[in-house]
Every structure is written in C-alpha cells, then in structure tokens.
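Undergrad: Turn this into a structure:
(chains A, B, C, D, E and F)
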Protein chains: 4
Amino acid sequence: MPVAKKPAGKSKKPALPAKRPRQPAVTQRNILDAALVEFAAHGLAGARVDEIAERSGANKRMIYEYFGNKEALWLIVLEHAYERMRAEERTIDVARMSPMEGMRYLMEFNFRFCARNPEFIALLTAENLNKASYLGESEKIQQLYSPLLAVIRDLLERGQREGVFRKGIDPVHVYLTIASLGTCFFSNIHTLSTIFGRDLLSAAEQKARMEHCVAVLLGALKV
Amino acid sequence: MPVAKKPAGKSKKPALPAKRPRQPAVTQRNILDAALVEFAAHGLAGARVDEIAERSGANKRMIYEYFGNKEALWLIVLEHAYERMRAEERTIDVARMSPMEGMRYLMEFNFRFCARNPEFIALLTAENLNKASYLGESEKIQQLYSPLLAVIRDLLERGQREGVFRKGIDPVHVYLTIASLGTCFFSNIHTLSTIFGRDLLSAAEQKARMEHCVAVLLGALKV
Amino acid sequence: MPVAKKPAGKSKKPALPAKRPRQPAVTQRNILDAALVEFAAHGLAGARVDEIAERSGANKRMIYEYFGNKEALWLIVLEHAYERMRAEERTIDVARMSPMEGMRYLMEFNFRFCARNPEFIALLTAENLNKASYLGESEKIQQLYSPLLAVIRDLLERGQREGVFRKGIDPVHVYLTIASLGTCFFSNIHTLSTIFGRDLLSAAEQKARMEHCVAVLLGALKV
Amino acid sequence: MPVAKKPAGKSKKPALPAKRPRQPAVTQRNILDAALVEFAAHGLAGARVDEIAERSGANKRMIYEYFGNKEALWLIVLEHAYERMRAEERTIDVARMSPMEGMRYLMEFNFRFCARNPEFIALLTAENLNKASYLGESEKIQQLYSPLLAVIRDLLERGQREGVFRKGIDPVHVYLTIASLGTCFFSNIHTLSTIFGRDLLSAAEQKARMEHCVAVLLGALKV
DNA sequence: GATGAATGAGTGTTCATTCAT
DNA sequence: TATGAATGAACACTCATTCAT
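TA: Next up is the predicted model:
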C-alpha cells in the first residue's frame, strides 16, 4: 500500500458478466458484521470506517448508502446486538423449574451469554463511555423490554409463596445483581487479570467465578 | 525559505499582562487534571490533545515536553487514578469492627468511592475497551497491590473463626463481588438507566442499590 | 461530539466546474513531477508535503494514498530519476566511433546530461547529504546497473589494442573521473560561481569547461 | 524524556558559588563545534537547534544570544569552515618543487583535505542545495580569496617556461579540475559506493583513487 | 448497485524562537 | 551570563465523507 499502486490501467470491460454480488441484503449483513467487530474492538471513536469497509468486503460508499454515517451505523449495530440478546432471553423457560433452580439458571444463563459474546460486552462498555447517548436516542431498544424482568418477578413471587425467598425484594435489583456479577466480570476482565496477575479468562477460573456468583445470588434471596 | 520566517510583526496584544506562569509543577498538574477530564469523557481514541491543552491552560507543546505523547499521558493519568484509589483504600481500618460490620464497610466504601469518582470509573471503562493494554505495560500499577485483599482475607478468617462466615470462600472472589456490585452499577449506569427508564443516578436509587448490594454480599458470606 | 460533524453548510462555489480528474495515473504523475521539483529545490528535510500537493494540483491525501509517506515518495522520486538517466545512457552507442572519439562522446554526454538535468544533480546532492541511506535501501536502483561501465571497458580495451590508450587503467576510475568532472561542476556550480565571481552557468563558460574536461580525460588515457 | 520530568523542585540556591562556566568565548566555540557537526550531518533544514544546544552543552538561549538565529549560525559555521580551509591552503609552499611535483602536491593536498574533513564536504554539499544563497550573502567568504589560484598560476607559468606544461591553460579550470576530482569523489562517495557495491571509503580505494586523480591532472597538463 | 478516486477539516507532533527568572 | 519553561506556527499524516464513473 505504501508504494505506487498500479495505475489500475483500463480494467473497464462492461461487456463482461459483472461478477459483482449485487445483493443488497448480503452486503448490508456483511457490513454490519464487520462493523460489530470493529466497534467492539475500538469503540465508536477508535473505529475506522475504512477498516469496516475492507473487512466487510463491501465498498466504503455502500456504508454511507445503507447506513448514512458512522454514528448511525453505530446505533444500528448496537440495536442489533440488543435484539440478539433479547431474542436469546426470550428462549428462557423456567416455568418447570423450582424458584431456586430458576434463579440459578438465570445467573448461569447471563454469565454464559457474557462469556460467549465478548463483542456485546465490549459494545456495552463503549456505549457507556458515550454515556449511553446513542442508546438513549433509540426508540427501538427502549421497546425491546427485557423479558427477564418478568421472569425474575415471577420466580420471586413463587419463591416467596413457597417460603424459600425473602420478602420485599425489588426484582430490578435482582436483575441488576445478576447483570452486574456477570457483565462486570467480563467487561473488566482485562484490568482484573492484570491487577491480580491471574488469567481470569481461563475456563477453570470462569467456572469457579460462576459458581461463586450463583452462591452470592441465592444467598441473598434465601430466607 | 524553508526555515525561519520572520516574526511577521503583529505583536499580539502587547498590553496584556502576558502571564507565563513558569511553574513546571503547576503546569504538569494542570495538564494531568485536564487530561483526566478529557480522557474520562471520551476515552483514549476520542480524546483530543488540543482540548487537553486548552482546558489545562497550558500550551500544547508542554504536553509533549512533559509527557511524551498522548498514549504516555494516558498511562500516567491511569496510574495517578489508581494511586489515588489505592491511597484511599489504605485509609480503611476495620480492625475494630466485627467481621460483619467490616464487610459491610468495605462494600459501602467501594460503592461510595465509585459514586464519588465517576471519572475513575470512566477511565476504567475506557481502559477495558483497550483490553487493559496500557495497564498491562505499567510496572507502577502492578506494584500498587491493593490492600483490600489482605483486609478481606483477615475479615474472612475472623468471621470464620467466630462462626459467622462460611468456610472455603476465596477472598479474591469476595473482592471481585464487591468490585463488581459497586463498579458495574456505576460503569453501566447510563445504559441501565435508559433500559429501565429509571434515573439510577438519583440519591434515593443509589442508597437503595447500596443497601441491596450490602445484603447480597453479607447473605453470600453468612453461614 | 468526537466524531462526524455536520458538513457545516457552506457549499463552496457550487457554480465552479468542480473538476475532479479521476485519473489515477495522471494524478500520480503530477505528484511525482511536483515532488521532483520540491525535493530538488529543498532536499528531503526541507521539502514540504503541502507544497508538493499544491504544486501537483492533487489533494495531499492522494500523496499518502499512492506513495505512503514523505520518505517513500522521496525514494520513488529518486528511483525515477535514476531510471531516466539509465534510460538515456542506454541510448549511447559508441560502437562505430574510434576509442578516442568514444571517450570524448561519453564525457560530453555526461556533461550535457548534467547541464540539462539540474534537478537530478540536486537530487543526487541531497541524497549524498542523507549519506545515500535511501538509495542504499532501494533494490530497484541497485539492479539498474549502469551500462556506461561496460561501454567504458570496451572503449578502453579497443584503445589499448589500437595502442592509443595506456594499459592498466581501471574502468571504474574512468567512470568516476567522467562523473566527477561533469557532476561536480554542476553540483558545486553555485558555490564556485560565488567564490570566483564568475557566472559559470553561462553557455560560454560551460562550453569552455566541457572542452577542458574532455582534454583532461583524454590526456589521462593517452599513451 | 517522554515521561514526567521532575518538577525541578526548588534548586535555587543563589548563595552557592554558581559553578556555571560563564566563559562566553568557550560557550561560543562549543556551540560552533556542535553546530558544525549537526549541520554537516543534516543540512540546514534538517538540523535541529535543540540538538545543537544539547551537544554543545550550552543553553539554547545562548545560541540566539550569540548568533541571532539558525540561519545566521549556519552562515557563521560556513564561514569558519572556509576560513579553516583557506588557512590550511596558505601553508602550501611549492616554491621549491618542480612544476610537476607542485601540481601533484596540490592535487594530493586537496584530496587529503577532503578525506580529512568530511564535515566540510557535507557543509559544501548542503550549501549547494541552498544554491549557495548564504555563501553569496557573505562578504567575509568573498574576501577569503583562495591562495591556491595564485599558486596554480605560478606553477603553470613555470611549467610552461620549462616546457613541461602545455600552453593556453586557464588556471581557473585547473583549479576546478583539482577541486572536482577531490571534492566530488568525497561528496558523492555514499551514492557511488552504493551504486558500485564497492566501499570507496576504504584506505586502499582512496589511495588508488588519489593516484588516478594525480595521473589525470598531470596527463592533462603535460605537453 | 457498486467502485475507488478525491476532498478538506482535522489530529498528533515538532520546531524555531522568546520570555520570566 | 545563563537557564529552561513557554509559545505559536507549522508539519506530516489521518479520517469521515462525497463525487465521478
């Protein structure tokens, strides 16, 4: 790249079958995938539109054609990430589990989701750096009400009725605790590993951590 | 022609007091303060050296004179922030408290520190976006071993001896739980407020949250 | 705030024809031409990328797109200059000339080439200031073996066989002498003119000098 | 240097003997020496005032105090270099030598001077890049008429009278030839070594080259 | 729809020079 | 005389965005 590209000499052969994709949906998906990777890796300010274009295999112009500009693309990527998470959350079914088992399942589910989706965590981290200014603008995400809250409320009520959970617990706080214990471990995993000189990314450490988190959650709910 | 153009006349406002402080230590401190604000607000990539210069009242050149470059400045700001936190942590004295009271104190201390130092939280967030790559390079921070871990270990042992805490608890996990519950609430407070449509930054919400966190922590330790 | 400011309105002179050539090869050539002029005039350190951009009519960004950076551009300009010289040298044909006539021709050729290409001389001068560090990195130039050396060797051998040239003469030294007498006169012509208070750039002076150089060269070869 | 210099804390002890040199002449000489090295290494545009200050051990401010600015310093350095050369030239005494021996001596002298003073050569090279614009401004250098020309004229006349030199030879051209053969070899020695893949800086190569140059010069003068 | 050349406003960094002490 | 902190203009280089094809 640094030195004298070829003059591109007369590559115009309009008669040829034109092997270009010409598949808008595919191109858009490729751009979104590439953008997720780039944004997750560098945040909004650090991400490079050129890099997204190159990684997606699409032309840079297409990004602007389909998504308007960098910031709009950021928001769409964010929305997609939330949608995927909510979609997974909707598969949660704790109806047949006991309240105790159900809570354990939620904690484990959240923990594993974070472990499996570091890009989502990075996106969240980056958006918090932006003080959630883009998220706040999105009507879409606001409507994507998390089904988890209802599940938690249900489990809490069942548990309280059955006498295994304490009374007077705010489901939002339970949600926050579940989210904090899972998300925070992974979003701060780099600084924490450095500080403790312990590779928290290892499978063994993660398993131990998850067990601890489950214990913390359940210990807080038990009567 | 290539070098040394004439001063071009135009002596700019010679009437002004022409304050050139000439106080290196002050200038350095001003730069560091301004850098903390800018970096906390926009992260490493989003921060602008020009902005730091202007906000600090110093000349941009001074930043390079004293700190080398933007990335080196970032690291120093990070180190200073950690130092300040560790310094505060060193003031913690739970020797006269009961294990239960001590643990509650640690949780509250951490929570309040996060509430009081949003810039530190933002810095942490941003550094996690960088995958702790600068923190990892810093020998200084690695040596700043947190006194908290020892305090936690001591409280745990006392509590276990007294029969109020369960056995077999890893102090590092307790540390992580305390840090997660406090830090994560504040580092994700913007996205969470947006998602829940609830202003978690309000005093009442924060108080309630802190109470919940204390309950969670103690509930997890109790026999 | 950190990213993507609005276009700010102000559509600059929309009435203008808005010529955006869109001809990579032409743009590259323009940049190289402009760079040759700028580098020859000020050397590597003294040359200004902005000036090259302006003179070439291209956008500064294009220089980096096509050539990487200032130093890479310098090397390419240097390589092109050498290529042009070597190309001219390859047109030399002294097969039908007598050894004496052939040598005279080489001297005159070199002298005239220097007179005709002051920018090449300036480039050489500047690269010598760099201690040939860029030339030394160029594989291209090293492969551009000068055809002159073979021609000189051939003329020497023929002349020695015919008994008009002395024996034991190193062709490299003859090359150096030819090059020195021609190049040095022109590369130092400014300081020399000043020292002697004589305008050596005048046609008469140059003709006289060339005659002298031819005499010196032939006098050194004659038996 | 890149990271946080000490605040210089209160090093003011005006009562102390003040171990600073306080010797203007020495300081000036140090600056000139350092400037010669820096200018020779990088030319006018490439030289750094900071570097000169550091290398000289003097304060940067002193450079401006004593020499005005970078360009003025350049000129003075140039003048000093010329003065030194002229001074050496004035030691030349060929009165007792034969014309032939005398000419050989001049060539060898010049050659050896160039070999011994690469910085002077580099300075000349750099000033030629400047198109001798600073040299041209210097009244001093113009007055430093080279004694060599007179010596050459004398040798030529004696040689012609004695019948060993041809008639009608312009002493200026002889001067130019001597200067070219010596100076040019050394000023272009980097590019030439690279082109030929031969280390022309080696003692053996230089000796051979000098012999050749002497032969060329004398061959051109002989009847 | 798709391409990639082109643009201009920045962005980090450096430099010659000046001023307070 | 000497010091080194401070300055502002410039410099090499980058980036989001647009336009001609």
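Undergrad: rest of the way, CA atoms for contacts and neighbours
TA: Noted.
Undergrad: What sits closest to the most centrally placed residue in chain A if chain neighbours are left out?
TA: Closest residue to the average C-alpha location of chain A: residue A:120 at 2.2 Å, with C-alpha atoms, centre = their mean. In this structure, residue A:120 finds its nearest non-sequential neighbour in residue A:81, 6.4 Å apart by C-alpha to C-alpha, 6 or more residues apart in numbering or on different chains.
Undergrad: For residue A:222, grab phi and psi.
TA: phi -60, psi 150 (degrees, to the nearest 10).
Undergrad: what's near enough to touch it?
TA: By C-alpha atoms under 8 Å, 6 or more residues apart in numbering or on different chains, residue A:222 lies in contact with A:164, A:165, A:166.
Undergrad: count of neighbours near the first one?
TA: As a burial measure, the neighbour count of residue A:164 was computed by other C-alpha atoms under 10 Å in any protein chain shown and equals 15.
Undergrad: Contact partners for it?
TA: A:100, A:222, A:223.
Undergrad: now, which of those residues sits nearest chain B?
TA: Chain B lies nearest to residue A:222 out of those, by C-alpha to the nearest C-alpha, at 8.1 Å.
Undergrad: how close does the residue nearest to that closest one when sequence neighbours are not counted get to chain D?
TA: Nearest residue to residue A:222, sequence neighbours excluded (C-alpha to C-alpha, 6+ apart): residue A:165, at 4.6 Å. Counting by C-alpha to the nearest C-alpha, to the nearest Å, the gap from residue A:165 to chain D is 55 Å.
Undergrad: what's the pLDDT at residue A:165?
TA: Reported pLDDT at residue A:165 in the predicted model: 96.
Undergrad: doesn't residue A:159 make contact with it?
TA: Yes: using C-alpha atoms under 8 Å, residue A:165 is in contact with residue A:159, at 5.0 Å.
Undergrad: Any buried residues in stretch A:115-133, and which?
TA: Within stretch A:115-133, the residues scored as buried using 16 or more other C-alpha atoms under 10 Å in any protein chain shown are A:115, A:118-132.
Undergrad: Would you tell me which helix is longest in chain A?
TA: helix A:24-46 (DSSP state H).
Undergrad: now that one and helix B:24-46, what's the angle there?
TA: Here the directions of helix A:24-46 and helix B:24-46 differ by 170 degrees (axes from the mean of the first three to the mean of the last three C-alpha atoms, to 10 degrees).
Undergrad: Quick check: what element follows helix A:24-46 along the chain?
TA: If you walk from helix A:24-46 toward the C-terminus, the next helix or strand you reach (DSSP states H and E) is helix A:49-56.
Undergrad: Next, the buried residues of that following helix.
TA: Judged by neighbour count using 16+ other C-alpha under 10 Å, the buried positions of helix A:49-56 are A:49, A:52, A:53, A:55, A:56.
Undergrad: Check the average confidence over it, would you?
TA: When pLDDT is averaged along helix A:49-56, the result is 95.
Undergrad: now check it, is it near DNA strand F?
TA: Yes: Helix A:49-56 comes into contact with DNA strand F (C-alpha under 7 Å from any atom of the strand), by way of A:49, A:50.
Undergrad: pLDDT weak spots in chain A?
TA: Where chain A drops to pLDDT under 70, the residues are A:1-22.
Undergrad: where does it come near DNA strand F, residue by residue?
TA: A:45, A:46, A:47, A:48, A:49, A:50, A:60, A:61, A:64, A:69, A:70, A:71.
Undergrad: Specify which member of the buried residues of helix A:49-56 is nearest to chain D.
TA: Nearest to chain D out of those is residue A:49 (C-alpha to the nearest C-alpha; 31.3 Å).
Undergrad: so who does that closest one touch?
TA: Shown in contact with residue A:49 (C-alpha under 8 Å, 6+ apart): A:60, A:70.
Undergrad: now do 10 Å
TA: By C-alpha atoms under 10 Å, 6 or more residues apart in numbering or on different chains, residue A:49 lies in contact with A:34, A:35, A:38, A:39, A:55, A:60, A:63, A:64, A:69, A:70, A:73.
Undergrad: how close does the third one sit to DNA strand F?
TA: From residue A:38 across to DNA strand F, the span is 10 Å (C-alpha to the nearest atom of the strand, to the nearest Å).
Undergrad: in terms of contact, does that residue touch residue A:44 like I think?
TA: Yes: Residue A:38 lies in contact with residue A:44 (C-alpha atoms under 10 Å); the separation is 8.8 Å.
Undergrad: I figured residue A:59 was touching residue A:31, is that so?
TA: Yes: with contacts counted by C-alpha under 10 Å, residue A:59 reaches residue A:31, the gap being 9.3 Å.
Undergrad: More neighbours: which of these two?
TA: residue A:31 (26 against 16).
Undergrad: anything in contact with each of residue A:59 and residue A:31?
TA: In contact with both residue A:59 and residue A:31: A:52, A:53, using C-alpha under 10 Å, 6+ apart.
Undergrad: where along chain A do the helices fall?
TA: A:24-46, A:49-56, A:60-67, A:70-89, A:99-116, A:118-129, A:133-137, A:139-143, A:147-162, A:171-179, A:185-187, A:189-196, A:203-221.
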